[in-house]
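Enquirer: here are the coordinates; sequence isn't available:
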């Protein structure tokens, strides 16, 4: 991705330092605004590309190579802009994770029905499918093993609220929404419905398959 900025009028050869700084700041700020406008948060594990990098066509009169005194100001401006982009991205991802967890918890107490995907009746993969569709607009298949095939596999130690957790070591026949503190929201089975369940303990530990990530890190 490339951004090219052009000065409205040529810079005079003897521009004052104030004018040079102003032009530099405008060039950097405009480029950074363009970068921010392109920062979208993908909800697919496969599409977590690095942030776009803006290449600023700075007017010759204010290029740091030709004005060594401006180099520190130039670097500081770029670093502040990149930090702002990173912070904005992180805040957006955290907001998505909060929405996923909140919607999953809102289904607690709903009925378990095999093959159901909401709004008030669910099986395990129907619950995760419903939550991600409603919370972040991500469409998941209605089978836990198919969901496991789509996610980015992560270590348990790296799991964050809003990730998915899968069970049965020889496959992925049960899935829940991880909510932190070694707990998940899942549609357990007939008579139990949607509840908060542990993901550790004798049965869970023996049956654990792995963690999967749909949202960016």
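Expert: Ah, there it is. Bear in mind that the values here come from a model prediction, so they are computed numbers and not experimental data. Numbering: from 1, shown residues only.
Enquirer: How many neighbouring residues does residue 153 have?
Expert: For residue 153, the neighbour count with other Cβ atoms under 10 Å is 12. (C-beta placed from N, C-alpha, C; glycine too.)
Enquirer: Over to it. Which of the three states is it?
Expert: Secondary structure assignment for residue 153 (DSSP: H, G, I helix; E, B strand; the rest coil): strand.
Enquirer: thought it was touching residue 209?
Expert: No. Using Cβ atoms under 8 Å as the test, residue 153 is too far from residue 209 to be in contact (9.7 Å).
Enquirer: can you pull the contacts of residue 207?
Expert: With contacts defined as Cβ atoms under 8 Å, 6 or more residues apart in numbering, the neighbours of residue 207 are 167, 168, 169, 174.
Enquirer: what about 7 Å?
Expert: 167, 168, 169 (Cβ atoms under 7 Å, 6 or more residues apart in numbering).
Enquirer: I'd like to know how far it sits from residue 112.
Expert: Counting by Cβ to Cβ, to the nearest Å, the gap from residue 207 to residue 112 is 18 Å.
Enquirer: can you check residue 126 too?
Expert: Distance from residue 126 to residue 112, by Cβ to Cβ: 9 Å.
Enquirer: Mind splitting this structure into its structural domains?
Expert: Under the assignment automatic domain parsing, the domains of the chain span 17-96, 100-213.
Enquirer: now those domains in JSON lines, with mean pLDDT?
Expert: Output for these, formatted as JSON lines (pLDDT from 0 to 100):
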{"stretch": "domain 17-96", "mean pLDDT": "62"}
{"stretch": "domain 100-213", "mean pLDDT": "94"}
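Enquirer: Could you say which of the ones you listed is packed most deeply?
Expert: Among the domains of the chain, ranked by average contacts under mean count of other Cβ atoms under 10 Å, first place goes to domain 100-213 (a mean of 18).
Enquirer: Endpoints of it, how far apart?
Expert: 12 Å (Cα to Cα, to the nearest Å).
Enquirer: Now the residue nearest to residue 134 when sequence neighbours are not counted: which helix or strand?
Expert: Among residues not flanking residue 134 along the chain, residue 103 sits closest, at 5.8 Å (Cβ to Cβ, 6 or more residues apart in numbering). Using DSSP states H and E, the element containing residue 103 is helix 71-106.
Enquirer: Going toward the C-terminus from that helix, what's the next helix or strand?
Expert: Next element after helix 71-106 (DSSP H and E): strand 111-112.
Enquirer: Which strands border that next one, and is each parallel or antiparallel?
Expert: strand 121-122 (parallel) (DSSP bridges).
Enquirer: Can you tell me the SS state at residue 211?
Expert: Under the three-state scheme (three-state DSSP), the conformation of residue 211 reads as strand.
Enquirer: which residues does it contact?
Expert: With Cβ under 7 Å, 6+ apart, residue 211 has these contacts: 154, 156, 159, 163, 165, 178.
Enquirer: try it again with 8 Å
Expert: Residue 211 neighbours (Cβ under 8 Å, 6+ apart): 153, 154, 155, 156, 158, 159, 163, 164, 165, 166, 178.
Enquirer: Just the helices from the protein, written as ranges.
Expert: 17-38, 71-106, 124-136, 144-150, 202-207 (DSSP state H).
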